[in-house]
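*Asks:* Using only what follows, build the 3D model:
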Amino acid sequence: MKEQKLIYYLTPLFLHILTIGTLLVIGVLGAYIKVCLEDGFLSQREISGAFEYFFTCITELLLFNLAFDVIYKYEKKRLGSD
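*Replies:* The predicted model follows:
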C-alpha cells in the first residue's frame, strides 16, 4: 500500500519537474534561435533543425502532461475506492 501512495504523491511532483525542465529547454532554445537569427550566425539548414527540436520539445511536454495526468487520475480513482 505504501508503494501505491508513493506513486500517488510523486506523480504530480515528477510532472512539475518535467514541465519546468522542458520549459527551460524551450526558453533557452527560443532565445538561441532569436539571437542567431538577429546576428545571422545560422544557415537555413541549422535554423530548420533548431525549430524541429523546438517543436519536438513542445510535443514532448504535451504528451508527458497527458500521460501523467491519466496516470494520476487513475491512481487517485483506484486509491479512493480502496
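
*Asks:* if I look at the residue positioned nearest the centre of the chain, how far off is Phe51?
*Replies:* Nearest to the geometric centre of the chain sits Leu61, at 2.8 Å (Cα atoms, centre = their mean). Taking Cβ to Cβ, to the nearest Å as the measure, Leu61 falls 16 Å from Phe51. Every residue, glycine included, has its C-beta placed from N, CA and C.

*Asks:* ditto for Leu29
*Replies:* In terms of Cβ to Cβ, Leu29 sits 9 Å off from Phe51.

*Asks:* Do a quick rundown of the helices in the protein.
*Replies:* Taking DSSP state H, the helices of the chain run over residues 2-39, 44-80.

*Asks:* Can you give me every residue that contacts the nearest residue to Tyr53 once chain neighbours are set aside?
*Replies:* Among residues not flanking Tyr53 along the chain, Leu29 sits closest, at 6.5 Å (Cβ to Cβ, 6 or more residues apart in numbering). By Cβ atoms under 8 Å, 6 or more residues apart in numbering, the contact set of Leu29 is 50, 53-54, 57.

*Asks:* repeat for Thr22
*Replies:* Per Cβ under 8 Å, 6+ apart, neighbours of Thr22: 57, 60-61, 64.

*Asks:* Out of the residues you listed, which end up buried?
*Replies:* Buried subset of these (neighbour count, 16 or more other Cβ atoms under 10 Å): 57, 61.

*Asks:* quick one: which of the contacts of Thr22 is nearest to Ile20?
*Replies:* Closest approach between the contacts of Thr22 and Ile20, by Cβ to Cβ: Leu61, at 10.2 Å.

*Asks:* any idea how far Val35 is from the closest one?
*Replies:* From Leu61 to Val35 the distance is 23 Å (Cβ to Cβ).

*Asks:* between the contacts of Thr22, which is nearest Ile17?
*Replies:* Closest to Ile17, out of all of the contacts of Thr22 and judged by Cβ to Cβ, is Phe64, at 10.7 Å.

*Asks:* Skip the chain neighbours and tell me the closest residue to that closest one.
*Replies:* Phe64 sits nearest to Leu18 (Cβ to Cβ, 6+ apart), 5.5 Å away.
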